[in-house]
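> predicted model and sequence follow; I will ask about them next.
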Amino acid sequence: MIQIGSGPHDQVLATIKKMPFPLNNREFVGRVLCATDTNGDLLVTYVPVDDKIDYGMSARSVRGVTRARPEEMLAFLWDTMRRSARREDDMVKSVEEHANGHNMLVYNKKRTPKIIADRDFLGRVVWKKEGEGFLLVTSPEESETRPIKGGVVRGKYPSAIRIKRKNDEATNIEYVIHPDYGGGVPSFSMNRYTGSNLRRVTEIQEYFLELRKMEDYDADDGKALGVRLAHPGGEKGKKPWRKVRDVMGRHRGLTELSVEFDWLAAFLKEVVRGKWVMSGSVSTKLECLSKKEARKIGRSLMPALKQRKTAEAGLHQWKMQNQSMVELFERYDWVESMLLEMAQEVMKSAPWGLMWRVCTGAFFSVLDIITDVVVIVGYMGNEETRGYGYSLLMMLVGSMVLQLVGAPSLPLRRVSSGPWTSLLRG
């Protein structure tokens, strides 16, 4: 075991565990932080510190970059009763105790599917300053104000959020959870709730992106907007291109751009829709572009992408075919980043794109295995060719084992036993 740290309250622990063949050895790396709040309670927190961590089956982690200052991030997260934090399955949510500006007790009761009992969670949330950022920890706790009632199962939801300044305009955020929903919970239900909770980082990113003005946008904002337009979320069963206007209405910068160009919504709808049409070009200048011409330009992106191997090459060809897009990219360079991201997402889902190639390759791989099995069975049924059958079988099994074990050039895989958070009464 290796111990590294800057003080008795901040230690990094690393240990290597030998695993049986054919598994790779595991290395556990984590930071242990200790702090005492105003009530004399000792808070001990374990969080991972490496970027390449396999969290196993219990804990989950997600990282992201948000266009906000650490102080704004902390204020947003600390306001647990804000409207954007409400969920459809929230039956009761309240702050039971506000010890001070760094310490509060939060209660949350969740509605679950009829096949399992409702769940409730009671946790103490504490934050502390850490360098140029903050560490916000939630630990399970029991209180007489919220006793466990019949028909409801008490769960535990320890979590840790690290907020660290990246630069003057961006903040890194790391969110780690180790939920225990209590009782017997079907795996599909647990995966659903865990996945939805990990979306918290995405929701934070979207919230601050929606507040940014058009004049503040850069290439990173353009990429984020492109992903948001291609995958808007929200109402199920509604096509993404039908949600373009809703997404634009929520983003201040896109709303400002649509005031300058009234054809923007129609143009983006056609880009997101990705409908196959014949290639075409429009020579009209940017200031004179009409909605009809903007729709034509948006529709022509799909054939341009199909004619090139990469989204970058297809977007460049499409831009050079339409004079208005050359002018638009020169005036607002972040629009090019946005459309490039949208083009890449279109190529992934298009029938001729990445998804089609991957699915086709997988189909033929499975078909190849089936034909190999048929040949092996045929050889096995004949006394004279049985040896060939065994040889083919060993080669087939050996090939599959090599693919499952993985590359031998990666002898060590970093893992973490998951973050655990406990509140020790002193």
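Sure, I can see it. Source: prediction; values computed, not measured.
> in this protein, where's the longest helix?
Ranked by residue count under DSSP state H, the longest helix found in the chain is helix 354-380.
> which stretches of this structure have low pLDDT?
Counting by pLDDT under 70, the low-confidence segments of the chain come to 1-62, 184-193, 195, 349-357, 406-426.
> and G150, that's in a helix?
No: under DSSP: H, G, I helix; E, B strand; the rest coil, G150 falls outside any helix and is assigned coil.
> work out the gap between the longest helix of the chain and the centre of the chain.
For helix 354-380, the distance from its own C-alpha centre to the chain's C-alpha centre is 33 Å (Cα atoms, centre = their mean, to the nearest Å).
> stretch 177-184 too?
A distance of 21 Å separates the centroid of the chain from that of stretch 177-184, by Cα atoms, centre = their mean.
> would you mark the buried spots in it?
Buried residues in stretch 177-184, counted by 16 or more other Cβ atoms under 10 Å: I177, H178, P179, Y181, G182. All C-beta atoms are positioned from the backbone trio N, CA, C, and that covers glycine.
> same deal with stretch 93-111?
The neighbour-count check on stretch 93-111 (16+ other Cβ under 10 Å) flags K93, N103, M104, L105, V106, Y107, N108, K109, K110 as buried.
> tell me the SS of the first one?
What it means is K93. State at K93, reduced to three classes by three-state DSSP: strand.
> could you do the third one as well?
Local secondary structure at M104 is given as strand here, using three-state DSSP.
> hmm, G314 is touching M342, no?
No: under the criterion of Cβ atoms under 8 Å, G314 makes no contact with M342, lying 11.6 Å away.
> so which of the buried residues of stretch 177-184 is the closest to S300?
The shortest approach to S300 among the buried residues of stretch 177-184 belongs to I177, at 44.6 Å (Cβ to Cβ).
> grab the nearest non-local neighbour of that closest one.
Of all residues beyond its chain neighbours, the one nearest I177 is S159 (4.5 Å), with distances taken as Cβ to Cβ, 6 or more residues apart in numbering.
> burial check on the one you found, number of neighbours?
Around S159 there are 23 other residues, counting by other Cβ atoms under 10 Å.
> please tell me how far H98 sits from D79.
As defined by Cβ to Cβ, to the nearest Å, H98 lies at a distance of 12 Å from D79.
> now swap in G182 and tell me
Distance, G182 to D79, by Cβ to Cβ: 27 Å.
> what about the helices in the stretch 51-200 of the chain?
For the stretch 51-200 of the chain, helices defined by DSSP state H, counting those that start in this stretch occupy the ranges 70-78, 187-198, 200-211.
> helices or strands next to the first one in the packing?
Same thing as helix 70-78. Contact analysis of helix 70-78 by 3 or more Cβ pairs under 8 Å, 6 or more residues apart in numbering; DSSP states H and E lists strand 118-130, strand 133-140, strand 159-165, strand 171-177, helix 200-211 as its packing neighbours.
> for Q321, give me its contacts.
S279, S281, S300, A304 (Cβ atoms under 8 Å, 6 or more residues apart in numbering).
> derive a PyMOL selection command for the buried subset of those residues.
Applying 16+ other Cβ under 10 Å to the contacts of Q321 leaves a buried subset, and the PyMOL line that selects it is:
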select buried, resi 300+304
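> what's the farthest-apart pair in the contacts of Q321?
Farthest-apart pair in these is S281 and A304; separation 9.6 Å (Cβ to Cβ).
> in the stretch 251-400 of the chain, mark out all the helices, start to finish.
Using DSSP H, counting those that start in this stretch, the helices of the stretch 251-400 of the chain run over residues 252-260, 264-273, 291-299, 301-306, 311-321, 323-331, 333-349, 354-380, 386-405.
> can I get the ones you listed in TSV with distance to E88?
As requested, these are arranged in TSV below (distance: least, Cβ to Cβ, whole Å):
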stretch	distance to E88
helix 252-260	26
helix 264-273	26
helix 291-299	34
helix 301-306	36
helix 311-321	36
helix 323-331	39
helix 333-349	27
helix 354-380	30
helix 386-405	40
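> show me what contacts A230?
Contacts for A230 (Cβ under 8 Å, 6+ apart) come out as P240, V272, E341, M342, E345, V346.
> change it to 10 Å
For A230, the contact set (Cβ atoms under 10 Å, 6 or more residues apart in numbering) comprises 240-241, 244, 247, 271-272, 274, 338, 341-346, 348-349.
> could you do V335 as well?
Y217, G222, L225, G226, L257, L264, M325, L328, F329.
> let's have those residues in TSV, adding distance to F363.
Written out in TSV, the entries for these read as follows (distance: Cβ to Cβ, whole Å):
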residue	distance to F363
Y217	42
G222	36
L225	35
G226	30
L257	43
L264	40
M325	37
L328	41
F329	39
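> buried members of those into PyMOL, please.
Typed into PyMOL, the line below selects the buried ones among the contacts of V335, using 16+ other Cβ under 10 Å:
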select buried, resi 217+222+225+226+257+264+325+328+329
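> nearest to S399, of the contacts of V335?
In terms of Cβ to Cβ, no member of the contacts of V335 lies closer to S399 than G226, at 39.3 Å.
> hang on, the earlier thing: just the angle between the longest helix of the chain and helix 333-349, please?
30 degrees (axes from the mean of the first three to the mean of the last three Cα atoms, to 10 degrees).
> what is helix 354-380 packed up against?
Contacts of helix 354-380 with other secondary structure elements, assessed using 3 or more Cβ pairs under 10 Å, 6 or more residues apart in numbering; DSSP states H and E, are made with helix 333-349, helix 386-405.
> that'll do, ta.
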